[in-house]
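Undergrad: structure of the sequence below:
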Amino acid sequence: MFGVVPRVLWERVCPPDELNRIRQQMNCVFIDTGTEKVLIETGIGEKWTEKETKIYGIFRERPFAASLFEKTGCTPDDITIVINTHLHFDHAGGNTISSGQLPVAGGQSEPPALAGGQFAETQATPQFPNARYLVSKRELEHAESPHERDRASYLPENWRPMIETGQLEPMPDEYEPIPGLKLQTIRGHSETMQTWRLDRGGRTIYGFADLIPTRHHLPLPWIMGYDLYPTETLAFKKEILPRAVEEGWMCLFYHDFEHPLCRIVEVCGKLSSEVIQEQEK
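TA: Coordinates of the predicted model:
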């Protein structure tokens, strides 16, 4: 997660466990315009075997549908637009659920399971049956023909079911799905990943997706080893971070488990994060 940065430095802010794993979270965004109910990203999903759950250290207190209902009062049926910045499994895994793993009122769901806790091998179906699923056309094309470097990050069951149902809509490199919300393709983490920006009421929220995954990645050289084009990630950070400071953006760090929504401030020439107070949210 920290590329060339030595462990002796990053372990001070992200202490690893005995398997060298650090704690991360998938912070998905919900937007209610009054006419549209929008999700940006759907997390890692629940279609994992017991073995995979142990490898990745996946822990969730409740299914995605239950969290959605608890925080928004909406069920998956209410969502009208799902946006994926890219189709890596930790951003698009919740796009679908296993057949039979159907959310009910209150957001509860029960996956079909085999002995040992493994999910039955049933076909994946869209978790949001009434939603348009939006992803850039070039990202979809790459997901369908990935190379050896990133093939493990793309799981077809996270997007092909929506192709079959006609819900998946390939989008251009830049588009505006609802007024004030803009998606832009930025080369760095990959060739075709997008970031998002929401402007409303004179305020801006910016989502870095995986270009700056946590607030601990604010220092310029702290770039993930997963990035295919790290020097371009660096160039992006040099351009975007001064703007975020100057214009007082609220910034969403998708993988930060403690303080995902922050402002970026400059103190004594160094960038740091300032937690957004609850009343401002």
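
Undergrad: tell me, domain by domain, which residues of this protein belong where.
TA: Using automatic domain parsing, the domain parsing of the chain gives 1-13+172-281, 25-171.

Undergrad: mind checking how far the last one is from the chain centre?
TA: Read that as domain 25-171. Between the centre of domain 25-171 and the centre of its chain there are 11 Å (Cα atoms, centre = their mean, to the nearest Å).

Undergrad: now do the end-to-end distance for that domain.
TA: 27 Å (Cα to Cα, to the nearest Å).

Undergrad: got the contact list for the longest helix along the chain?
TA: For the chain, the helix with the greatest residue count under DSSP state H is helix 230-247. Helix 230-247 is contacted by residues 3, 186-189, 204, 206, 208, 211-212, 218, 220-221, 223-224, 227, 249, 251, 263-266, 271 when judged by Cβ atoms under 8 Å, 6 or more residues apart in numbering. C-beta here means a position set from N, CA and C on the backbone, and glycine is covered the same way.

Undergrad: please flag which of the residues you listed sit within strands.
TA: 204, 206, 251, 263, 264, 265, 266, 271 (DSSP state E).

Undergrad: quick one on the thing from earlier: for the longest helix of the chain, buried residues please.
TA: Residues 230, 232, 233, 236, 237, 240, 241, 244 are the ones in helix 230-247 that count as buried (16 or more other Cβ atoms under 10 Å).

Undergrad: with stretch 186-193 instead?
TA: Buried, per 16+ other Cβ under 10 Å, within stretch 186-193: 186, 187, 188, 189, 190, 192, 193.

Undergrad: residue 267 versus the third one, what's the distance?
TA: Per Cβ to Cβ, to the nearest Å, residue 188 is found 26 Å from residue 267.

Undergrad: do the first one as well
TA: Summarising the geometry, the distance separating residue 186 from residue 267, computed by Cβ to Cβ, is 26 Å.

Undergrad: need the three-state assignment for residue 164.
TA: Classification of residue 164 by DSSP: H, G, I helix; E, B strand; the rest coil places it in helix.

Undergrad: next, count neighbours for it.
TA: 11 (other Cβ atoms under 10 Å).

Undergrad: tell me the SS of the nearest residue to residue 221 once chain neighbours are set aside?
TA: Once flanking residues are discounted, residue 221 sits nearest to residue 5: 6.6 Å by Cβ to Cβ, 6 or more residues apart in numbering. Classification of residue 5 by three-state DSSP places it in coil.

Undergrad: what are the ranges of the helices in the stretch 51-200 of the chain?
TA: Taking DSSP state H, counting those that start in this stretch as the test, the helices found in the stretch 51-200 of the chain are 64-72, 89-92, 137-144, 160-165.
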